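Visitor: What would the 3D arrangement of this be:
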Amino acid sequence: MHLDVHQLRDFYYRSQLGRAVQKAVRDRVVERWGDVRGLSLAGYGFAVPLLRPFLGRAEGIIGLMPGPQGVMHWPADASNHSVLCDEARWPLANDSIDRLALMHGLETSDHPLALLDEMHRVLSPQGRALIVVPNRGGMWARSDATPFGFGRPYSLSQLERLMAEAGFVCSAHTSALFFPPSPKRFWLRSARGLEKAGKRWGVERLGGVLMVEAMRRDTATPRGLPVKDRRPLRVLEGIPTSGALPAWPRAKDDDPAR
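Guide: Model prediction:
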């Protein structure tokens, strides 16, 4: 089930709760991505609120919005960077995106593996994707007062399995939205402090959203020993060979003197 783009716009840009959500999640994205000079960025679903800090700094930015959701001009005060697309057909070249954010895209997708396949296609060999989904065990997935109450929520293990099935390696994960999904002034004023506390204490299971960073498996750095340090295991390694007898008597036909 896709929400309408106007509902998403009104939540993130015209409500105090939406602006608090935007800041809490976006701060985590900025922490993960850092300096993006010379990089190509994209967002799918309704991820444009996360991309605003990178305008004018990245080499290029595009907001991909699925057809059932609809599209809007973004950013409102500058040239348009958004485009309407099919979830499994993005107007991007292979290996062309260095940083990719998904928000309100995966949990509402009718064909999540097809969506992830397309993400895999456009991500550059050393590119990184950041997937934001409602936390299955969090408060936000249980309330339909925000966009995170729609679609399929995920646990961390479910999301990691899905990413692995689509050919990704999950390199890091975190959470956000440790304050309740309430527009009451008390909770909005407490939001910043609760986000800092959640990050400091590491209680990720209590966050309203899960954020998983992933890379393509075919280009991710392998774990374990580097190639130059690997060698085959020799079954008889360490056993002295001088004067050793064979494990079975040699047949006459095998006599090397013949």
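
Visitor: got the residue ranges for the helices in the stretch 1-150 of the chain?
Guide: Secondary structure of the stretch 1-150 of the chain, counting by DSSP state H, counting those that start in this stretch: helices at 5-14, 16-33, 48-51, 112-122.

Visitor: Of all those helices, which one is nearest S79?
Guide: helix 48-51 (13.6 Å; CB to CB). Backbone N, C-alpha and C define where each C-beta goes, glycine included.

Visitor: Which stretch among the helices of the stretch 1-150 of the chain is buried most, on average?
Guide: Most buried of the helices of the stretch 1-150 of the chain, by mean neighbour count (mean count of other CB atoms under 10 Å): helix 48-51, with a mean of 25.

Visitor: Show me what that one is packed against.
Guide: Applying 3 or more CB pairs under 8 Å, 6 or more residues apart in numbering; DSSP states H and E, one finds that helix 48-51 contacts helix 16-33, strand 40-45, strand 60-66, strand 97-103.

Visitor: Distance to C85 and mean pLDDT for these - can I get that in TSV?
Guide: Output for the helices and strands packed on helix 48-51, formatted as TSV (distance: least, CB to CB, whole Å; pLDDT from 0 to 100):
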stretch	distance to C85	mean pLDDT
helix 16-33	21	95
strand 40-45	8	97
strand 60-66	5	97
strand 97-103	13	97
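
Visitor: what's the closest of the ones you listed to P91?
Guide: strand 60-66 (8.1 Å).

Visitor: Quick check: buried residues in the closest one?
Guide: Neighbour-count burial for strand 60-66, counted by 16 or more other CB atoms under 10 Å, picks out 61-66.

Visitor: In its sheet, which strands sit next to it, and in what direction?
Guide: According to DSSP bridges, strand 60-66 has the following sheet partners: strand 40-45 (parallel), strand 82-85 (parallel).

Visitor: hey, which strand is longest across this protein?
Guide: Taking DSSP state E as the criterion, the chain has its longest strand at strand 123-134.

Visitor: now the helix or strand following that one against helix 112-122, angle please.
Guide: Using DSSP states H and E, the helix or strand that follows strand 123-134 towards the C-terminus is helix 156-165. Helix 156-165 and helix 112-122 are oriented at 60 degrees to each other (axes from the mean of the first three to the mean of the last three CA atoms, to 10 degrees).

Visitor: pLDDT weak spots in the stretch 101-250 of the chain?
Guide: The stretch 101-250 of the chain contains residues with pLDDT under 70 at 221-250.

Visitor: hang on, M215 is in a helix, isn't it?
Guide: No: assigned with DSSP: H, G, I helix; E, B strand; the rest coil, M215 falls outside any helix and is strand.
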